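Undergrad: With the sequence up front, the predicted model follows.
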Amino acid sequence: VEPISLGLALCGAAASALTGFISYPRLYCYFRECCLQREGTRAGAALQEDLDKKLFGQHLVKKVIVKAVIGFLNNTNPKKPLTLSLHGWTGTGKNFVSKIIAESIYEGGLNSNYVHQFVSTLHFPHAHSISQYKDQLQSWIRGNVSACARSIFIFDEMDKMHAGLIDSIKPFLDYYEQLDGVSYRRAIFIFLSNAGAEKITDVALDFWRRGRKRENMELRDLEASLSVSVFNNKNSGFWHSSLIDRNLIDYFVPFLPLEYKHVKMCIRVELESRGYVVDEEIITKVADEMTYFPKDEKIYSDKGCKTVFTKLDFYYDL
Ligand SMILES: Nc1ncnc2c1ncn2[C@@H]1O[C@H](COP(=O)(O)OP(=O)(O)OP(=O)(O)O)[C@@H](O)[C@H]1O
């Protein structure tokens, strides 16, 4: 074969491979991450499985998240983006659940090019720069949703966000078909916050004191009062926010404070994932080292499952 015809043949092969890639986008996405990579049933199954296996003590969260996210992914014509506001005590799984949602839709999870995380104290630290942050946030979201309709935005530490900043994204969360040629209706916005944690704890404690089972707690026991308390909380990032006022938050998701037995479950999973032998004595020792509230009953871990992992290092270094 002459070099020139070999060259042509190779070009032909490359071209047909390229056409193959273009006409088989799924194949292309097998090698490179794609927007809308995993949808509907596949993403839903992954989400359900991960929540069932990995998330402890949060029956309400499982129920709401599965229903909200799967329903949204299966909807071919959503009227607005999905907006979830996750609330609860520290270490109860808010970041963990957002990671699970991201991983169910994009294999790369939080590292995916289509998943964007904002941390208030890191990305929006200065009160005097709010107007600049508002512009940046809008153009950042516009740019990313133009590139991929199924973009996921996670706003951590909402309670530390300066009041008013989050309202700058209101147009994107509303029921518009398009804004300047961009449709935001397939995007997902997740807000994380400790605001409302006291309210959730009060309801949980009340249940416990009345001898009722935690698992019998229903969303309606919490959701309405949670949204009101977040709206009226000056340190919630949602203080008098038009996002709540205009009902643009689809779900307020309450994370219950974790009990001693849940802390033990977290430790056990961590031991298994590190490949250590599961030693019940160590699990009990680490769980006993955590502090629990309220002062008298000592039911809930005041750091949830946070810090149990570093405590484990101590035992296994000995
Ligand atoms: N309910 C839970 N079930 C299983 N593991 C959990 C749960 N809650 C927390 N964890 C474990 O503890 C770690 C820390 O929790 P996470 O970062 O999700 O807490 P958080 O609610 O976001 O806290 P903060 O409000 O302080 O940001 C998680 O990565 C996970 O390993």
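TA: Cool, got the structure. Residues are numbered from 1 along each chain as shown.
Undergrad: Going by C-alpha atoms from here, please, whenever you check contacts or count neighbours.
TA: OK.
Undergrad: Buried residues in whichever strand or helix holds K63, which are they?
TA: Using DSSP states H and E, the element containing K63 is helix 59-74. Buried positions in helix 59-74, judged by neighbour count with 16 or more other C-alpha atoms under 10 Å: 59-62, 64-66, 68-70, 72-73.
Undergrad: T284: which of these is nearest?
TA: Set against T284, the nearest of those by C-alpha to C-alpha is H59 (23.9 Å).
Undergrad: In contact with that closest one, which residues are there?
TA: When contacts are counted by C-alpha atoms under 8 Å, 6 or more residues apart in numbering, H59 touches E215.
Undergrad: Look at it and report its pLDDT.
TA: Model confidence at H59, given as pLDDT, is 96.
Undergrad: How about N77?
TA: Confidence score, pLDDT, at N77: 92.
Undergrad: do the same with the one 5 residues further on
TA: Looking at L82, its pLDDT is 97.
Undergrad: ok, back up a step: would JSON lines of the buried residues of helix 59-74 with distance to the ligand be doable?
TA: Shown next, in JSON lines, are the buried residues of helix 59-74 (distance: C-alpha to the nearest ligand atom, whole Å):
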{"residue": "H59", "distance to the ligand": "9"}
{"residue": "L60", "distance to the ligand": "11"}
{"residue": "V61", "distance to the ligand": "9"}
{"residue": "K62", "distance to the ligand": "10"}
{"residue": "V64", "distance to the ligand": "14"}
{"residue": "I65", "distance to the ligand": "13"}
{"residue": "V66", "distance to the ligand": "15"}
{"residue": "A68", "distance to the ligand": "18"}
{"residue": "V69", "distance to the ligand": "18"}
{"residue": "I70", "distance to the ligand": "20"}
{"residue": "F72", "distance to the ligand": "23"}
{"residue": "L73", "distance to the ligand": "23"}
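Undergrad: helix, strand or coil for A195?
TA: Following DSSP: H, G, I helix; E, B strand; the rest coil, we place A195 in the coil state.
Undergrad: neighbours around it, how many?
TA: A195: 27 surrounding residues under other C-alpha atoms under 10 Å.
Undergrad: now do the one 3 residues further on
TA: The criterion is other C-alpha under 10 Å. On that basis, E198 has 15 neighbouring residues.
Undergrad: ok now do the spatially most central residue of the chain, which residues does it touch?
TA: Centroid-nearest residue in the chain: S98, 1.7 Å away (criterion: C-alpha atoms, centre = their mean). For S98, the contact set (C-alpha under 8 Å, 6+ apart) comprises 154, 190.
Undergrad: Whether the helix or strand where it lies contacts the ligand - can you check?
TA: For S98, the host element (DSSP H and E) is helix 94-105. Yes. Contact of helix 94-105 with the ligand (C-alpha under 6 Å from any ligand atom) involves 94-96.
Undergrad: Weed out the non-buried ones from those.
TA: The neighbour count (16+ other C-alpha under 10 Å) marks 94-95 as buried among the residues of helix 94-105 next to the ligand.
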